[in-house]
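When you get a sec, could you give me coordinates for this:
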Amino acid sequence: MAIERFPIEAGHIMMFARSIGDDNQIYYDEEYARGSEVGSIIAPPTFVQASAQFDPDYPLRPAIGAPWFGSGREPTGATHNPMSGGGSGGGGTGLHAEQHFEYHRPLRAGDVLHAETVQGKSWEKQGRRAGKLVFSEMVTEYRDEKNELVVTARTVGVRTERVPEPGGA
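The predicted structure follows:
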């Protein structure tokens, strides 16, 4: 994932905070924020996840006229699940396992970030019931217009690889 331009706007911060049920004034009240330690409106810790909507290749971002893998009453028409953990082997399934955010400074309204994602570490564990568990990490660095690191986000996904049962079942 590469995001060329992710503007951090006060209205988006306020709506994001409302959507997660966080009514801390630091996210919407300019006067209150000016009197705080950080001195301005800042974004909630998980706000950088909203950057996915600025990535044209994000698999869960609806594209006009294209089948979408999303929720709803009826099948979507998408041919694959973009959240299946990727990779091949064993017909296993995948899921989001962990998310970590390291802030190098507060994320402020008015910042304009760009982001680059790289493959992180991978490791395996043997599960008791699910077979082999394959973990993979993606690391996204969010930088400001001065190219200074603002946030490092680490996402860990896990997928299972079941060992084929004897007899081909």
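
Identify the single longest helix in the chain, thanks.
Counting residues, the longest helix found in the chain (DSSP state H) is helix 10-19.

residues of the lengthiest strand in the chain that come out buried?
When the chain is parsed with DSSP state E, its longest strand is strand 112-126. By 16 or more other CB atoms under 10 Å, the buried positions in strand 112-126 come out as Leu113, His114, Ala115. Using the backbone N, CA and C atoms, a C-beta is placed for each residue, glycine as well.

just curious, which of those is nearest to Gly157?
Set against Gly157, the nearest of the buried residues of strand 112-126 by CB to CB is Ala115 (17.9 Å).

Which SSE is immediately downstream of the longest helix of the chain?
helix 30-34 (DSSP states H and E).

Tell me which other helices or strands the helix or strand that that following helix is followed by touches.
Counting by DSSP H and E, the next helix or strand C-terminal to helix 30-34 is strand 94-103. On a contact count with 3 or more CB pairs under 8 Å, 6 or more residues apart in numbering; DSSP states H and E, strand 94-103 meets strand 149-161.

I appreciate the help and will end here.
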